[in-house]
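Participant: here is my input; please provide its structure:
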Amino acid sequence: MKKLKAGLIGFGVVGTGVFQALKKYEDYGVEITRIAVKNIDKNRTIEFSKELLTQNVNEIVEDSEIDLIIELINDPEEAFEIVTQAFQNGKSVVSANKKMVALYLEELFNISKKNNVKFFYEAAVCGSIPIIRTIDQHFQSDKIKSIETIANGTCNFILSKMVDDGQSYDNSLNKAQELGFAESDPYSDVSGEDTRFKLSIMIYHAFGQYIHPENIPMQGITSLDNNIIEYAKKHQLKIKLIGEALLANNKIEAKIEPKLISKKHDFYNIENEYNGVIINSEFSGEQFLKGKGAGSYPTTLAVLSNLKDIRYNLASTRFKNNERFGKSNSLTDKVYFVSGSKEIENSEGFDILEEFSNHKIVKTNFQILNKLKLKDEKFYWAEINKELYDDFTKVESLL
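Facilitator: Now for the predicted structure:
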C-alpha cells in the first residue's frame, strides 16, 4: 500500500512526538513531508531536516502532493481557517484542537462531508482514552443516559496535591507549571473551560445534540480553600472537577463543577494527570475508562490511531442524531458544600441542612449557586452525593 504524505501544522510537544513516531514506525504508512512552524530558527532537541520546515502554511495546504493534514496548533480561529481550507482542497484532517472542534463542530462536519474528506479528532478529548471511538462504535446500538468525566489533567493534578499532600492552591499550581502540566496562563484549565470544550464534544457524539460550550455552566477550582480540604479529609473524600451530561425528562443537563466523592466512586483513585470517563447506558450499564490525559505520548497515540483510520479508509466520525433533546434550563436540586459568602441566609432557593462557622451544607441547584458566584468571587461550592451525605449524618447521629 502506498504511503500517505502528510503536512504537519505545529511542531510543539505533540507535533514532535507524532513526527518521531512516524519516523520510527513505518507500518503507520504515513510520511510527514512538510512542517509548518512559527519560528524556523527555534532550537529543537530532535533530529530532523530543516528543509521540511516552512513558515507559510499555504505551502502545505495548497500542495497537491500532500494527502492529509495533521493540525496541532493552539489558536482555534487560525486552526479553523487551516482545516476548512484543507477540506476544500480535498485533504482529510486529524486534529488535536479541542477548542476549535468544540466551537465549530457542526460547521466542520458539514464542510468535510461536502468535500468528501475525513475529519478525526480523538486527540482533542481525554488524551490516550479512546472516548470518541468508544462512543461512536461500541455505543452505536445503545442509548447513553449519562456521561461523567475528569477531563483535565491540570485540575486533577492540583486537586491531588491539595487534598493528598496538604499543599495550597498556589503551590500546587506552581508545581503543575514546573512539570509542564499547566500553562503560564492556566485560566482555561482551572476555570473549567477546558473540560467544558471536551464535554461539549462528547455530548455531540453521545446524544447527537450540539450544545455550544458557552451554554454549559461551569465552576472551577480557583476559590477552593482549607475549609473544603478539611471537610474532605474528615470524611475520607476526594475533590474532583467533573464534567457531567445526563438525560432528564428528555432534556440534556450539562455542567462542570467540583464534586466531593467517596472511595466507592470510580474516580476516587484517578490522580495527577490521569483522566477518566464513566458512561451509563441502557444496555451496558456503567462503563469506566481511565488513562493519561496529558503529555506528549498519550496525545501522540490518539493522533496516530486516527492516522491509521485514514490509512485504512475507515469510517469517519459518526454520531447519533436520530433523537433530538432539549437543553435543560433548570438544573436539578442537589446537596452542596458551600463556603465564602454570607449572602445565603438572605437568598431564596437555599435549604440549609447544616451550618458551620466557615461553611454550610445546603440543598439547592447549580443555577442559583452560579448567580451568587457572580456577586462574590470568593464564593465556591462542591456537590456531595445525597446518599453519601445521608450516610454521614446517620453515622454522626450515632456518635
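Participant: quick check: closest non-adjacent residue to residue 98.
Facilitator: residue 124 (3.9 Å; CB to CB, 6 or more residues apart in numbering). For the C-beta atoms, the positions are set from N, CA and C on the backbone; glycine is no exception.
Participant: residue 96 is in contact with that neighbour, correct?
Facilitator: Yes - at 5.5 Å, residue 124 and residue 96 qualify as touching, with contact defined as CB atoms under 8 Å.
Participant: how far away is residue 91 from residue 308?
Facilitator: 17 Å (CB to CB, to the nearest Å).
Participant: before we move on, back to that, what's the neighbour count on the residue nearest to residue 98?
Facilitator: 23 (other CB atoms under 10 Å).
Participant: pLDDT-wise, which helix or strand of the protein ranks last?
Facilitator: With mean pLDDT, DSSP states H and E as the measure, the helix or strand of the chain carrying the lowest mean pLDDT is strand 326-327 (a mean of 67).
Participant: partner strands of the helix or strand just after that one, parallel or antiparallel?
Facilitator: Later in the chain than strand 326-327, the nearest helix or strand by DSSP states H and E is strand 334-339. When pairs are called by DSSP bridges, strand 334-339 turns out to pair with strand 360-364 (antiparallel), strand 380-384 (antiparallel).
Participant: now residue 241: closest residue in space that isn't a chain neighbour?
Facilitator: Nearest to residue 241 is residue 155, by CB to CB, 6+ apart, at 4.4 Å.
Participant: report the residue spans of this structure with pLDDT below the cut-off.
Facilitator: 315-330, 343, 345-346, 394-399 (pLDDT under 70).
Participant: could you pull out the helices for it?
Facilitator: Secondary structure of the chain (DSSP state H): helices at 13-24, 58-61, 76-88, 98-114, 131-133, 153-164, 169-178, 187-190, 193-207, 226-234, 296-311, 366-375, 386-398.
Participant: just the endpoints, please. Distance across stretch 27-41?
Facilitator: 31 Å (CA to CA, to the nearest Å).
Participant: what's in contact with that stretch?
Facilitator: Residues from elsewhere that reach stretch 27-41 (CB atoms under 8 Å, 6 or more residues apart in numbering): 1, 3-11, 15, 18-19, 21-23, 48, 50, 52-57, 59-60, 63, 65-66, 68, 70, 304, 307-308, 311.
Participant: need the buried ones from these selected in ChimeraX.
Facilitator: Here is the ChimeraX command that selects the buried residues among the contacts of stretch 27-41 (16 or more other CB atoms under 10 Å):
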select :4,6,7,8,9,10,11,15,18,19,21,22,52,53,54,57,60,63,66,68,70,304,307,311
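Participant: sorry, back to before: can you add mean neighbour count and give the strands paired with strand 334-339 back as JSON lines?
Facilitator: Compiled in JSON lines, the strands paired with strand 334-339 are given as follows (neighbours: other CB atoms under 10 Å):
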{"stretch": "strand 360-364", "mean neighbour count": "20"}
{"stretch": "strand 380-384", "mean neighbour count": "25"}
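Participant: contacts for stretch 225-232, please.
Facilitator: 162-163, 166, 169, 237-239, 258, 260, 337, 339-340, 358-359, 380, 382.
Participant: of these, which is the nearest to residue 214?
Facilitator: Of all these, residue 214 sits closest to residue 258, with 20.2 Å by CB to CB.
Participant: the closest residue to the closest one other than its chain neighbours: what's it in contact with?
Facilitator: Nearest residue to residue 258, sequence neighbours excluded (CB to CB, 6+ apart): residue 382, at 4.1 Å. Neighbour list for residue 382: 224, 228, 239, 257, 258, 259, 260, 336, 337 [criterion: CB under 8 Å, 6+ apart].
Participant: the same query, at a cut-off of 10 Å, please.
Facilitator: 219, 221, 224, 228, 231-232, 237, 239-242, 257-261, 336-339 (CB atoms under 10 Å, 6 or more residues apart in numbering).
Participant: for residue 51, same thing?
Facilitator: 34, 35.
Participant: return the distance of it relative to residue 21.
Facilitator: 21 Å.
Participant: find the residue closest to residue 187 in space, skipping its chain neighbours.
Facilitator: Closest to residue 187 by CB to CB, 6+ apart is residue 193, at 7.0 Å.
Participant: show me the contacts for the one you found.
Facilitator: Contacts of residue 193 by CB under 10 Å, 6+ apart are 99, 102, 152, 187, 213, 214, 216, 218, 220, 256.
Participant: just these: which are in strands?
Facilitator: residue 256 (DSSP state E).
Participant: can you list residues touching both of residue 124 and residue 96?
Facilitator: If you check residue 124 and residue 96 against CB under 10 Å, 6+ apart, the residues they both contact are 299, 302, 303.
Participant: quick check: of those, which has the highest neighbour count?
Facilitator: residue 302 (28 neighbours).
Participant: correct me, but that residue touches residue 94?
Facilitator: Yes - if you go by CB atoms under 10 Å, residue 302 and residue 94 touch, sitting 9.1 Å apart.
Participant: what is in contact with these two at once?
Facilitator: With CB under 10 Å, 6+ apart, residue 302 and residue 94 have common neighbours 18, 120, 121, 122, 123, 124.
Participant: among those, which lie within strands?
Facilitator: Short answer: these in strands (DSSP E) are residue 120.
Participant: switch the shared contacts of residue 302 and residue 94 over to CSV; also include distance to residue 290.
Facilitator: Output for the shared contacts of residue 302 and residue 94, formatted as CSV (distance: CB to CB, whole Å):
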residue, distance to residue 290
18, 23
120, 22
121, 21
122, 16
123, 17
124, 18
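Participant: distance-wise, check the residue nearest to residue 187 relative to residue 93.
Facilitator: Taken as CB to CB, the span from residue 193 to residue 93 is 24 Å.
Participant: okay, now residue 90: neighbour count?
Facilitator: The burial count for residue 90: 12, using other CB under 10 Å.
Participant: how much space between residue 383 and residue 353?
Facilitator: 13 Å.
Participant: which neighbours do these two have in common?
Facilitator: Common neighbours of residue 383 and residue 353 (CB under 10 Å, 6+ apart) are 335, 336, 389.
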